[in-house]
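K.L.:
Provided below are the primary sequence and the corresponding predicted coordinates.
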Amino acid sequence: MTSLVAESEPATIPFDPYRNLADGDLEERIRAAKETLGDSLLILGHHYQQDQVIQFADLRGDSLRLSQLAARSDACRHIIFCGVHFMAETADVLSREEVEVYLPDQAAGCSMADMADLDAVESAWADLGEVIDTGDLMPVTYINSTADLKAFCGRHGGIVCTSSNAREVLEWAFARRKRALFFPDQHLGRNTARGMGVPLSEMPVWDPRLPMGGNAPEALEASRVILWKGHCSVHQMFKPAHIAQFRRQMPGIKVLVHPECMMEVVDQADLVGSTEFILKTVEQAPSGSSWAIGTELHLVNRLASSNPDKSIHFLSPMVCMCATMYRIDLPHLAWCLENLIQGTPVNRIRVPADTAHHARVALDRMLALK
């Protein structure tokens, strides 16, 4: 009597051997994998990604734009997001149901996103309800946040914002409710609200480690925007002294910074805007112009390389790159691709259905803004 033996599933290709491969070998294998997968694969590369990796991106952009572009692709079935975890989550929320999203290294997180988690925000919401009417409080989360915080906003009538549309989002919020709870980045919230005429006295900072966020009831009652105590570790590095030094050494230089920078830096800059704004501003600047730019190092270096007719400088004397973004490297990308080809995909990002639904509600509110 012949016995039937079931074929075992192929084992996942281990990662460790990829660490020892030369960059040239890794690049050759990545190109081969892309050719094998063809139109079913879409590799997304965030602007902050290192050059070795972003060369393989089919699309480049900021996190939301990449997710939107991927959602429009009819052919792709697999998205590999060369960015960080919350970006891959957003791509999973916005993409079609049959599309699978992967992050080459699950350790590629975001320190800012980690500064506000669902438990802390829900606890703050409950505490705030003891002082103010949360029915008149609009939750607004920056796109740089986890899917469950986007879902929290979706469930509570709130919305998502980006660095380019934060003003429009706050205007939307104020048209519907008296005040906003803005998380996780205090600097984007403060810089945006100040530009709308909201005084600092009406923008208390909520520290989740302190009772009542470290605020007296009177401060919360007088608030228009309650700012979560969070920040971007990269943009936190830029200081007013760096601007002063460039102005002394290079008279006439233009200072261009991201709105995640602290208020004192934004106040002294010539121009302030999102990553896309920074790119367009430099690309459209006159030949021979000089710029000191306050944003992530890889992006600034790429701008300098692609605009040799302009003098482009990194605003900080210290190296300020997104360390978590840097975790996405050639070994992880090759490993992720070759496992996908073998049928043993690794590091798939799946947002639970209920969370994805409510996160999509908050994202759609933002996307509906003109």
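P.N.:
Everything's here; your move. Numbering: from 1, shown residues only.
K.L.:
Could you tell me which ranges of the stretch 201-350 of the chain sit under the pLDDT cut-off?
P.N.:
319-326 (pLDDT under 70).
K.L.:
who's in contact with Asn215?
P.N.:
Pro204, Val205, Trp206 (C-beta atoms under 8 Å, 6 or more residues apart in numbering). To be clear about C-beta, it is placed using only N, CA and C from the backbone, and glycine gets the same treatment.
K.L.:
quick one: it from Met203, how far?
P.N.:
Asn215 sits 11 Å away from Met203, going by C-beta to C-beta, to the nearest Å.
K.L.:
what's the answer for Lys34, then?
P.N.:
47 Å.
K.L.:
Look at those two and report which has more neighbours.
P.N.:
The neighbour count for Lys34 versus Met203, taken as other C-beta atoms under 10 Å, is higher for Met203 (22 against 15).
K.L.:
which ones are touching the closest residue to that one other than its chain neighbours?
P.N.:
In space, and not counting its chain neighbours, Met203 is closest to Val225: 4.8 Å by C-beta to C-beta, 6 or more residues apart in numbering. Applying C-beta under 8 Å, 6+ apart, we find Val225 in contact with Leu170, Arg179, Ala180, Leu181, Phe182, Gly189, Arg190, Ala193, Val198, Glu202, Met203.
K.L.:
Of all the residues in stretch 176-195, which ones are buried?
P.N.:
By neighbour count on 16 or more other C-beta atoms under 10 Å, the buried set for stretch 176-195 is 177, 179-194.
K.L.:
From start to finish, how long is stretch 34-48 in a straight line?
P.N.:
22 Å (C-alpha to C-alpha, to the nearest Å).
K.L.:
Offset the numbering so it begins at 86, please.
P.N.:
Got it, the first residue is 86 from now on, which makes the last one we talked about stretch 119-133.
K.L.:
Show residues contacting it.
P.N.:
138-139, 141-148, 151-152, 154-155, 158, 160-169, 172, 176, 360, 364, 381, 383-384, 387, 406-407, 410, 418, 422, 425-426.
K.L.:
distance of the residue nearest to Met288 from Ala370?
P.N.:
33 Å.
K.L.:
Centre of the chain to the helix or strand where His442 lies, how far?
P.N.:
Using DSSP states H and E, His442 sits in helix 438-452. Counting by C-alpha atoms, centre = their mean, to the nearest Å, helix 438-452 is centred 17 Å from the centre of its parent chain.
K.L.:
and what of stretch 281-293?
P.N.:
With C-alpha atoms, centre = their mean, you get 23 Å for stretch 281-293.
K.L.:
Where do the helices of the stretch 336-455 of the chain begin and end?
P.N.:
Using DSSP state H, counting those that start in this stretch, the helices of the stretch 336-455 of the chain run over residues 348-353, 360-369, 382-391, 415-427, 438-452.
K.L.:
Adding distance to Ser196 and mean neighbour count, write those helices out as TSV.
P.N.:
Below are the helices of the stretch 336-455 of the chain laid out as TSV (distance: least, C-beta to C-beta, whole Å; neighbours: other C-beta atoms under 10 Å):
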stretch	distance to Ser196	mean neighbour count
helix 348-353	19	18
helix 360-369	17	17
helix 382-391	16	18
helix 415-427	19	22
helix 438-452	21	19
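K.L.:
out of those helices, nearest to Asp218?
P.N.:
helix 438-452 (20.7 Å; C-beta to C-beta).
K.L.:
Let me see the mean pLDDT of that closest one.
P.N.:
Regarding helix 438-452, the rounded mean pLDDT is 95.
K.L.:
CA-only coordinates of that helix in PDB, if you can.
P.N.:
What follows is helix 438-452, C-alpha atoms only, in PDB (Å, rounded to 0.1, in the frame of the first residue of the first chain):
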ATOM      1  CA  ALA A 438     -10.400  45.600   9.100                       C
ATOM      2  CA  ASP A 439     -12.200  47.700  11.700                       C
ATOM      3  CA  THR A 440      -9.100  49.900  12.300                       C
ATOM      4  CA  ALA A 441      -8.600  50.300   8.500                       C
ATOM      5  CA  HIS A 442     -12.300  51.300   8.000                       C
ATOM      6  CA  HIS A 443     -12.200  54.100  10.600                       C
ATOM      7  CA  ALA A 444      -8.700  55.300   9.500                       C
ATOM      8  CA  ARG A 445     -10.000  55.500   6.000                       C
ATOM      9  CA  VAL A 446     -12.900  57.700   7.200                       C
ATOM     10  CA  ALA A 447     -10.500  60.200   8.700                       C
ATOM     11  CA  LEU A 448      -8.200  60.100   5.700                       C
ATOM     12  CA  ASP A 449     -11.200  60.500   3.300                       C
ATOM     13  CA  ARG A 450     -12.200  63.600   5.300                       C
ATOM     14  CA  MET A 451      -8.800  65.100   4.600                       C
ATOM     15  CA  LEU A 452      -8.800  64.000   0.900                       C
END
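K.L.:
just to revisit the earlier point, now what about the helix holding His442, what contacts it?
P.N.:
153, 174-175, 177-179, 226, 232-233, 235-240, 243-247, 250, 254, 257, 436.
K.L.:
In strands only, show me those residues.
P.N.:
Among those, the members found in strands (DSSP state E) are Thr226, Ile244, Val245, Cys246.
K.L.:
which of these lies closest to Val351?
P.N.:
Using C-beta to C-beta, those come closest to Val351 at Cys246, 16.7 Å.
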